[in-house]
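Asks: Okay, predicted coordinates and the sequence, questions at the end:
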Amino acid sequence: MSRSAFASLRGEVLAVNLRIPQAGLATLTWGNVSGVDREAGVFVIKPSGVPYDRLSEEHLVVVALDDGRVVEGDLRPSTDTETHRSLYRAFPSIGGITHTHSPHAVAFAQARRPIPVLGTTHADTFDGPVPVTDPLSAEQCAADYEFNTGQVIVELLEGDDERARTVPAALVAHHGPFTWGADADASLEHAVICEAVAEMALHTLSLGAVQPPQHLLDRHFTRKHGAGAYYGNPGAV
């Protein structure tokens, strides 16, 4: 396919990558966003180590979903590319993925603690704690490390696509958060929310957390998600 065949996805993925530093989620080049075209069997991802203020559409790399080969692009793709590919292959509902090293979410990942549901702000987006993986084994680090990083998330969620829809984030132990959504834009929104609720959780835990009632949390999740959702005005703006 010609480069123009992926122009729309390239433009979308570029715009969302540029929002990572704007949202305060990245230090230096620590972060990446990808978006997938499942019909074409490819995804577009940020190149490795390119500063956000120099990033342009031609820098983005198009990667094959089936085997990870570079379809288009002159630069090396993100070192996290195989993690993205692992998640795309496991969860059909995922249309975009964001990875950052945002500090509050990373704090939970480094402590190997899930981000607990301590209030309605968390429950508006995540139907349960943001879970944390087991550490990768020596064997998983020695070979196919980045793909195995995705696989520990897949194992954490038991390959359940519905679970991936209702809690669109996970913490990789000692590493950091990966978030996803229906497209690249949604995956970044979930990264912003993941960092925000992680910061709130740390403050709440320092004060002495009280577990909120489950019926309140359920109400907040279902008013935004599912058949009975009534939050917002879709299509109005």
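Replies: Cool, got the structure. Bear in mind that the values here come from a model prediction, so they are computed numbers and not experimental data.
Asks: tell me what the lengthiest helix in the chain is packed against?
Replies: Ranked by number of residues, the top helix in the chain under DSSP state H is helix 184-207. When contacts are defined as 3 or more C-beta pairs under 8 Å, 6 or more residues apart in numbering; DSSP states H and E, helix 184-207 packs onto helix 7-22, strand 31-37, strand 96-100, helix 103-110, helix 120-123, strand 169-172, strand 176-181. No exception for glycine: its C-beta is placed from N, CA and C like everyone else's.
Asks: Which among these is found nearest to residue 131?
Replies: strand 169-172 (5.6 Å; C-beta to C-beta).
Asks: which residues touch residue 199?
Replies: Residue 199 sits next to residue 104 when contact means C-beta atoms under 8 Å, 6 or more residues apart in numbering.
Asks: following the longest helix of the chain, which helix or strand comes up?
Replies: helix 214-222 (DSSP states H and E).
Asks: Next up, the contacts around residue 41.
Replies: 64-66 are the contacts of residue 41 under C-beta under 8 Å, 6+ apart.
Asks: Any regions of the chain where pLDDT drops low?
Replies: Scanning the chain for pLDDT under 70 picks out 1-4.
Asks: what residues are up against the residue most central in space within the chain?
Replies: The centre of the chain sits closest to residue 179, judged by C-alpha atoms, centre = their mean, with a distance of 1.8 Å. Contact partners of residue 179, counting by C-beta under 8 Å, 6+ apart, are 97-99, 168-169, 187-188, 190-191, 194.
Asks: most neighbours, which of the residues you listed?
Replies: When neighbours are taken as other C-beta atoms under 10 Å, the top entry among these is residue 98 (33 neighbours).
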